[in-house]
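K.L.:
predicted model, plus sequence, below.
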Amino acid sequence: MSDTNRRPPSGAATLRADKTAAIAEAVLDELAEHGYGRLSMEAVAKRAGVGKSALYRRWPSKQRMVIAVVSELSVALVEEPDTGSLRGDVLAALHLVADWLTHPRFSRILPDLIAEAQRDEELFQALARCVGEPRRARAIGMLDRATERGELPRDLDRELALDLLGGLVYWRVSARGAALEPGYFERAADMALRALGARPLGA
């Protein structure tokens, strides 16, 4: 019998993509409606129309399930800006952060997860490792290209620069709940460029 005609071993778990997608949607809905603390595997399974075993075949715990679902969508929402100029890249990056923070679901999910993470060190580390670090890694290329073009100093503190860029939007949207009025992104980008010691192209 050829490999292509072989059947899976008896009892082997087959993880159907449509079920995984339904579970992910249920996880996001439960997080948005009830928060991490009140989310249960039973509630997710019921909303997704699957048995609890379908969840445990994919993830061994509630935390692993939540982190997997949240990180997959959070990282997918990040594109690495490459407009050809630092100002263009910074503007694009600020818009991307705003899109993430104002996402219909994440605008309700993220504040709750961040609050829970302050009380749960394991959750805090998992969010940093699976959400924060991959998102930041995609933005570092933007800074590196600007450095190669001569727009940024070579001794730039990249970690602090990323904190600055993300914080400009996070503080306004999530901490203050203030509006992102017309012209805000341009003003924020120009302030960030000054703070980063940016130089015009060719200067």
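P.N.:
Alright, I've got the coordinates.
K.L.:
nearest residue to the residue most central in space within the chain in space, please, no chain neighbours.
P.N.:
For the chain, the residue nearest the mean C-alpha position is Ser74 (2.7 Å; C-alpha atoms, centre = their mean). Excluding the flanking residues, the one nearest Ser74 by C-beta to C-beta, 6 or more residues apart in numbering is Val131, at 4.9 Å. Every residue, glycine included, has its C-beta placed from N, CA and C.
K.L.:
separation between that neighbour and Ala17?
P.N.:
In this view, Val131 and Ala17 are 23 Å apart by C-beta to C-beta, to the nearest Å.
K.L.:
what of Ala117?
P.N.:
Note on Ala117: its distance to Ala17, by C-beta to C-beta, is 29 Å.
K.L.:
now do Leu101
P.N.:
For Leu101 relative to Ala17 (C-beta to C-beta), the value is 29 Å.
K.L.:
who has more neighbours, those two?
P.N.:
Each of Leu101 and Ala17 has its neighbours counted (other C-beta atoms under 10 Å); Leu101 has more, 18 against 7.
K.L.:
show me what counts as buried in the strand or helix carrying Glu33.
P.N.:
Assigned by DSSP states H and E, Glu33 belongs to helix 17-34. Buried residues in helix 17-34, defined by neighbour count with 16 or more other C-beta atoms under 10 Å: Lys19, Thr20, Ala22, Ile23, Ala24, Ala26, Val27, Leu28, Asp29, Glu30, Leu31.
K.L.:
now it: mean pLDDT?
P.N.:
Helix 17-34 shows a mean pLDDT of 93.
K.L.:
kindly report the same for stretch 113-133.
P.N.:
Here the average pLDDT along stretch 113-133 is 92.
K.L.:
now do stretch 88-96
P.N.:
Mean predicted confidence for stretch 88-96 is 93.
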